[in-house]
Each structure stands twice: as structure tokens, then as C-alpha cells.
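1. this is the structure alone, sequence omitted:
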């Protein structure tokens, strides 16, 4: 892959990737730092000649998740608050949307949900990514994504019903 092709792909995906990182970090400066680290890793892989163009999009989002985790660990070690954490006191929220989010994140911790299903749900509902983009990022077929979302939604529905919530679409 030429340097110009790589630059074009990075330019075309910059907004999606930044949005993906920012929604997980809730901090613009941290998101920019993580994005820069992702680009540095991509540049290093390109320089080493091991960058696979077909898997670049998935690799970008994989590296973003990994760099976010590294950033959180670094913040935790320094005693600062972790990125994207739920508020300390969930009782501070009175409206249903906050309850729905709390239940959603609790459901994501369900042992019956594998990491791919968890990530599919996050991308679809939290990051509001289109299915076509999720398929590219996770490198799965449309059928696999649909099946993962259906399984995840079944688990979400169970958690919502236990809380007496009935959000639209469930």
C-alpha cells in the first residue's frame, strides 16, 4: 500500500475513529491523544511493511480499543478518574434514559454474552454505527452480525424487563 493510499484511508476514517474513541473517553484531549497513538502504531506497521490493506479498518478500531484501555490503566495508576466511567452515584439520575443506560451497561457484563456480541451492541446502540461499518470493523458477515445483535438484544430485553423498563424498539 502506498503512502498516499494510506493517508487517504486514514483521512476518510478519521471522523468515525475519533467519534468512536471520544464516545468511550468522554474527554476530547484524551481522545486526540489516543487517536495520535493509533496513527503512530499504524505508521510503524506501514514502515515495517506488515500492514494489510484489507484488514486496515478493523485494525484501526482494534488499536483504538487497545490504546483506550492503555490510557485508562495509565490514568488509574496515576490516581486520576478512568475514562468513560458511569457516574459514581447512579441514584443521581431520575429520568428513564439514565436508568436504561445503567441497565444496558449492566447487561453487557452478562456472562452469557461473548466479547463480539458485547462490542456489536456497543457499536450499534452507543456509537450508533451502521451495520455495514460494524461488519467492516469486526470483520464478520452480515448474518453473523445480525445473529449477534439478536442474541444480545434478547439478553438486553431480559434485563430491561427485570427493571420494569420498556424502551422503544424492545
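-> It's in. None of the values given here were measured: they were computed from a predicted structure.
2. and for residue 122, the neighbour number?
-> Summarising burial for residue 122: neighbours were counted as other C-beta atoms under 10 Å, giving 20. Quick note: C-beta positions are derived from backbone N, CA and C, even for glycine.
3. identify the residues contacting it.
-> Contacts here follow C-beta atoms under 8 Å, 6 or more residues apart in numbering; on that basis residue 122 touches residue 108.
4. measure it to residue 138 for me?
-> To residue 138, residue 122 is 11 Å away according to C-beta to C-beta, to the nearest Å.
5. how does this structure divide into domains?
-> As recorded under automatic domain parsing, the domains making up the chain are 3-78, 90-162.
6. check contacts around residue 104.
-> Applying C-beta under 8 Å, 6+ apart, the residues contacting residue 104 are 125, 126, 156, 159.
7. return the subset of the residues you listed lying in strands.
-> Among the contacts of residue 104, no member is found in strands (DSSP state E).
8. tabulate those residues (CSV), appending distance to residue 7, neighbour count and pLDDT.
-> As requested, those are exported to CSV (distance: C-beta to C-beta, whole Å; neighbours: other C-beta atoms under 10 Å; pLDDT from 0 to 100):
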residue, distance to residue 7, neighbour count, pLDDT
125, 32, 18, 83
126, 29, 16, 78
156, 39, 23, 89
159, 44, 19, 89
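9. and the two most separated of these?
-> 126 and 159 (15.3 Å; C-beta to C-beta).
10. next one: the worst-scoring helix or strand of the chain on mean pLDDT to chain centre, how far?
-> Taking mean pLDDT, DSSP states H and E as the measure, the helices and strands of the chain show their lowest mean at helix 96-108, namely a mean of 76. Remark: helix 96-108 is offset 16 Å from the chain centroid, using C-alpha atoms, centre = their mean, to the nearest Å.
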